[in-house]
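Undergrad: Next one to model:
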Amino acid sequence: MIEPFLSLLLGKLRSLIEQEVGFALSVKKELMKLEDELNIIGDGLQDADLMHFSSEQVRTWLGQLKDAAYDAEDILDEYGARILQITNSEHQVCNTPCSPFSSCKKIGVLRRIGCRIREVSSRLNEISSNKDKYGLDRIVLGSNSYVAELNTNRQTSSVLVESEIIGRDEDADIVTNWLLDELDAREENVSIISIVGIGGLGKTTLAKKVYNSMRIGEHFEKSMWVYVSEKPRPTELAKKILDEVNRSGFSIGWSNITELNTLYTKIIDSLRNKRFLLVLDDVWNVYWWQELKSPLQSGAPGSKILVTSRTKHPSVEMGAVYIHELRGLPDDQSWSLFLRKALKEEETEQDLEALMLKETGKEIVKKLDGLPLAVKTIGSVMRSKRRTWIDWQAVLNSRIWDCQSSVNQSILLPALLLSYNNLPMYLKRCFVFCSVFPKNFWIHKIYLIRLWMAEGFVLDDEGREMEVRAEDYIEDLIGCCLFQDEKRDENGNIIKFKMHAVIHDLALYLSGKEYVETNSHARHLSLIGKDQSFDESLGKQKYLHLRTLLLPDTYKIAYMHSKFLINFKLLRVLDLSDNDKLSKLPDSIGDLILLRYLNLSNTKLEYLPQSVSQLCNLQTLQLGRYIRELPKGISALCSLRNLEFDSSLSMPRGTMKLTCLRTLTKFVVGRGERECGILELKNLNKLKGCLVIEHLERVKGQEEARQAELSNKENLQSLELWWEEKDENKVTTEELERMEEVLEALQPPMNLVRINICDFLGKRFPTWIQTSTILKCLREVLLYNCKLVEHLPPLGKLPFLKRLYIFQVYKVRKLNSDFHAGDDIDRRVGFEKLEELSLLQMSEWEDWSSKEDIIMPCLKNLYLTDCPKLKALPEFFQSLETLTIYRCFDLYALSNMPVLMKLEIRGCQRLQALPCLPSLVSLYMDNLSNWEGCLETAEGIMPRLQSFYLRNCPKLTELPYLPSLTVLYIKQCEGLHGLWQSGRHPTRLESLEIVDCPIIQTFRCPSFPSMNLLLRGPPEHPQIVKSIAGNSLSDELAHLTHLKIENLPELCSLPETLLNLTSLEIDGFSKFSSLMTRQQLGTKLKRVSIKNCSKLTSLPEQLQYLTEFQSLSIGNLHDICSLPEWLQNLRGLKSLVIKDCPNISSLPSGMQKLTALQVLEIDGLPELDTLPEWLADMSKLVDLKIKNCLTEFPTNKN
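TA: Below you'll find the model as predicted:
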């Protein structure tokens, strides 16, 4: 689309002319001629953009025009840059040795620019003369069309994001029933269901509805959602699956793994014998499926894969058992969805009917064929239209409905084009630019805003910051449904968002050849998420017109040759972030005078070339943590708005000249004349976001600190003040007083939201933090390592404080009314909005009390750590939901907390009892040497408790009544003689683990419908258990599904009846010679692990009769000399692991019949010297590992 491009170009041209720069009148004359030519060409562009879809000739003409317009914009930007360089040079701003201008060069430079402007004007004139032959009507662009505003109600734009689905209940029920179907008799454990339909039909939305349903959540042990895309990399798919499997755990060891077999092995280990649901969203092809299929088969029978795809082909190739063809919404549901998007605040369907717009609206909806995405986007268009019959009829009768393309023959393209066409000019180019990102890419707001600004897409609006205006752009595009899935912070500010796959297709379709990386006229090149690397040789010829070059993350560029950048002089954006081998930039970086965005974060760069100071257009400079020094001439970067770095380098003098700075992540106070003093902050009053000031001990006194004028930086939201950490015994009284004076003089602005004061060695805090009227907007406070402070300020008076963190304030003894309300005698509520409080390492704190009526009424989370003298908690925690207490040794009592849901207590030696906690769900008790139990009531002290972790509580003799308990873990509780009194046990227990407790000797467990049981004996008393057999115990354990027994060497036998057992692990039974009988196990056992059973001479024969058996692991069985031939009967065996069985010398020939085997691991069989030839014929074997055998073998099967 050329119209928005040309409109913005005209705006830029007029801005340059209005500056009346008098360096060269001939240049100004050429600029005015160029403006006239662009105005003439502007006639008829609306028609040309519509004819673009049906006329090859028009497409060619528009392509020529856009190329010429791009070239014109390049010349204008260079002209502006040269003027800026000359201005800076004359004012001795760029007085560095590399400054490119002397007076003798000015005239020649401007003359050459004038000639180039004349050439492009002539070229545009020639293109314009060919316009009439294409029959383009004369439709003049209005003078204000390029600055038109959206007529949307921005206050409710975030509400327009879909929060619930209209319709699709019947579709959801059908798909859900197929996913829950247990009657699918197939050889594989995993079956595939698919949802198929054209783009924008709601496949992903339906999949999400099913995925998040309660029925699905209760049925599957693991649920995973993986976005696939058009050209997925198998390794990335495997990593995504592992991320999803372990998203609630801590296993992230695969992030640097590149070997596909290794990743597949981890998938097998993670999913083995688990019933899972895997959603593969947006599948286009299946070249990766055959390799991924085998490891997924390790799941338990009944596992399902749900695929969404635009065509049936991928589903058929993958062997889907059911393909659900999604249809459009019926008319009534389409109309309801349309109204949700089209109606303004407080507007109703009856209002449209009264204005005679309802029927027109329904006619528009009928054109959309029930496509939800089309309905939403058109609804957003109509929301911005005037409520007149003429305006709504104009949409109904628009020529855009007749547009078709090879990309999408459905009504979706015209519908989306109408939404796009309704955008103001400035938003159209911003939207199309987003095609540089991959599909399903999380677009971070700040990143996109800086790119838009660097490309010149954000209009300059006097009185409004460009960043603020760009945020409005994003809100508008969200309101138009062109961005979606936005994530916001607690204040409603956008953090990141995505584009729907079909919307991304639209942006690509509109972008033209300038976004196509294979085109020699490409203007924007992004290799984010793509396989190919950037070949430096391509820069010599192919990409001479590039404006955007995004090479982050995977393109490990260690060094750039000086000639690398010579052909990229038109770059506005260069992103080399996350290239962790990049250690040097060439001096030629200074030749990129149009560069506005340079991202070098997470690289190894230690120094920047001095030529960087020539980049007077640069707006954003992001550096990594290794940077040691900035160029001396950095003050010449007069356009710099964002300077970010992670290291603690000192800024060179002259920083005060960077008056355009909005972001400065860190300011380190210098120590000498060549480095910045705090005075350099004085003029940086446009700073916003977060500012960190380090080494404040170098500030000489109060007057010097006051010159920083922090209170004038009204846009700052967060401020961190750091001193160097010192031994308080080695600091003089004069130094301590100076610290207090400096902190007093650093009064922050009134709008500050967050403040950190760290390593401060004064004895008192400043007056400005004690006055609620000065910092009335504060929401978060951190006081860290303020070792000499004896009294905390009255922070309870801060009206909007939500989070308070106090660490290592060692000398404070009391928290009382002075802390909660100060000297405000009328205040009856302290910490009115506080939600989270952390008090850590307060070694002298003894008392916590208050006289106020209400204290912390909104507190939800409280963390107390290393407060050894604190004796009791106050009674005002009526809203507390999470309480964590570590090593508060003198704490002897807790108060009643009626809504507390999670409690964790460790190392509180004097605590003897717990109060009634009626809402508690999770309890963790560790190292409580005097805790004897709970203050129990008839209903139980914790009627809702589900998870209980109990460790090292020696005086606990019996568990309280916990009727809702599902998970119980007990370790090292030697005083515990029984679990529950008769009839007082929970009825929902699913998992019980008893470790190193004498209670195992007399273990009796009530009967539960299904349960996992772990018994592990204490190493110091291995003889305490000789049997867990016997009829009574057998009956109690009859419903066990998982049994794990460790370190009970005297144990001779297992219970008689374990008919529901699916998993059995036995480790460390020296007296076991025969493990089990066929009657003991039933037929459901799938997984057996046997280790360290020194008397065992053969594997139990009963295993061969288990029809569902899938996994066998044996280890350290020295008396077993061979594997039995009956292994061949385990036709469903998928995993076989043999470790440290030194007397096994061969594998039985019958193993070749194990056709389902996927994993075979052999380790520590020194007598095994050959592998059978039939191993090569096992087609499903994906992971073969041979270690520590007589002969070396390959460690992986390819």
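Undergrad: need the helix or strand of this structure with the lowest average pLDDT.
TA: Using mean pLDDT, DSSP states H and E, the weakest-scoring helix or strand in the chain turns out to be helix 1031-1036, at a mean of 45.
Undergrad: how much space between the most centrally placed residue in the chain and G624?
TA: The centre of the chain sits closest to W442, judged by C-alpha atoms, centre = their mean, with a distance of 8.0 Å. To G624, W442 is 22 Å away according to C-beta to C-beta, to the nearest Å. C-beta: built from backbone N, CA, C; applies to glycine.
Undergrad: so how far is L1154 from D1177?
TA: 11 Å.
Undergrad: same thing with N125?
TA: Plainly put, N125 is 79 Å away from L1154 if you go by C-beta to C-beta.
Undergrad: more neighbours, these two?
TA: L1154 (21 against 15; other C-beta atoms under 10 Å).
Undergrad: gap between the lengthiest helix in the chain and the chain center?
TA: In the chain, with assignment by DSSP state H, the single longest helix is helix 56-90. Its chain's C-alpha centre and that of helix 56-90 lie 38 Å apart, by C-alpha atoms, centre = their mean, to the nearest Å.
Undergrad: So which elements touch it?
TA: helix 3-18, helix 25-42, helix 45-51, helix 103-129 (3 or more C-beta pairs under 8 Å, 6 or more residues apart in numbering; DSSP states H and E).
Undergrad: Would you map out the domains in the chain?
TA: 3-147, 179-325, 330-513, 1003-1187 (automatic domain parsing).
Undergrad: Would you single out the least confident of the ones you listed?
TA: Between the domains of the chain, the lowest average pLDDT goes to domain 3-147, which shows a mean of 63.
Undergrad: and Y447, which of the three is it?
TA: Assigned by DSSP: H, G, I helix; E, B strand; the rest coil, the conformation of Y447 is helix.
Undergrad: burial of it, as a residue count?
TA: Y447 is surrounded by 17 other residues when neighbours are defined as other C-beta under 10 Å.
Undergrad: how about it, what does it touch?
TA: With contacts defined as C-beta atoms under 8 Å, 6 or more residues apart in numbering, Y447 has no neighbours.
Undergrad: cool, and the one 4 residues further on?
TA: For L451, the contact set (C-beta under 8 Å, 6+ apart) comprises F433, T548, V573, Y597.
Undergrad: Make sure the first one is actually in contact with F457.
TA: Translated: F433. Yes: contact criterion C-beta atoms under 8 Å: F433 and F457 qualify, at 6.7 Å.
Undergrad: quick one: which of these two has more around it?
TA: When F433 and F457 are compared on other C-beta under 10 Å, the one with more neighbours turns out to be F457, at 22 against 19.
Undergrad: the helices in the stretch 1001-1150 of the chain, which residues?
TA: Using DSSP state H, counting those that start in this stretch, the helices of the stretch 1001-1150 of the chain run over residues 1031-1036, 1078-1081.
Undergrad: picking up where we left off before, just checking, the residue nearest to the centre of the chain touches K496?
TA: Yes: between W442 and K496 a contact is recorded at 4.8 Å, counting by C-beta under 8 Å.
Undergrad: in the longest helix of the chain, what counts as buried?
TA: With burial defined by 16 or more other C-beta atoms under 10 Å, the residues of helix 56-90 counted as buried are 58, 61-63, 65-89.
Undergrad: can you check stretch 598-611 too?
TA: Using 16+ other C-beta under 10 Å as the test for burial, stretch 598-611 gives L598, N599, L600, S601, N602, T603, K604, L605, L608, P609, Q610, S611.
Undergrad: Return the list of helices and strands in contact with the helix or strand hosting D332.
TA: Under the criterion DSSP states H and E, the helix or strand holding D332 is helix 331-342. Other elements packing on helix 331-342 under the criterion 3+ C-beta pairs under 8 Å, 6+ apart are helix 358-366, helix 372-383.
Undergrad: Could you tell me the angle between that helix and helix 358-366?
TA: 110 degrees (axes from the mean of the first three to the mean of the last three C-alpha atoms, to 10 degrees).
Undergrad: Going along the chain from helix 331-342, find the next helix or strand for me.
TA: Helices and strands here follow DSSP H and E; after helix 331-342, the next one along the chain is helix 349-354.
Undergrad: Please state the offset of that following helix from the chain centre?
TA: On the basis of C-alpha atoms, centre = their mean, helix 349-354 is displaced by 43 Å from the centre of the chain it belongs to.
Undergrad: same deal with stretch 844-853?
TA: On the basis of C-alpha atoms, centre = their mean, stretch 844-853 sits 40 Å off its chain's mean C-alpha point.
Undergrad: what are the C-alpha coordinates of that stretch, in CSV please?
TA: Output in CSV follows, covering the C-alpha atoms of stretch 844-853 (Å, rounded to 0.1, in the frame of the first residue of the first chain):
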residue,chain,number,x,y,z
GLU,A,844,17.4,-7.2,66.9
TRP,A,845,13.7,-7.0,66.1
GLU,A,846,11.7,-8.2,69.1
ASP,A,847,8.3,-6.7,69.1
TRP,A,848,5.5,-6.1,66.6
SER,A,849,2.5,-4.3,67.9
SER,A,850,0.2,-1.3,67.2
LYS,A,851,-2.5,0.9,68.7
GLU,A,852,-4.2,1.7,65.4
ASP,A,853,-7.7,0.2,64.8
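Undergrad: What lies in contact with that stretch?
TA: Contacts to stretch 844-853, defined as C-beta under 8 Å, 6+ apart, come from residues 796, 810-817, 820-821, 827-830, 839, 867, 869-874, 876.
Undergrad: Restricted to helices, list those residues.
TA: With DSSP H as the criterion, helices contain S817, H820 from among these.
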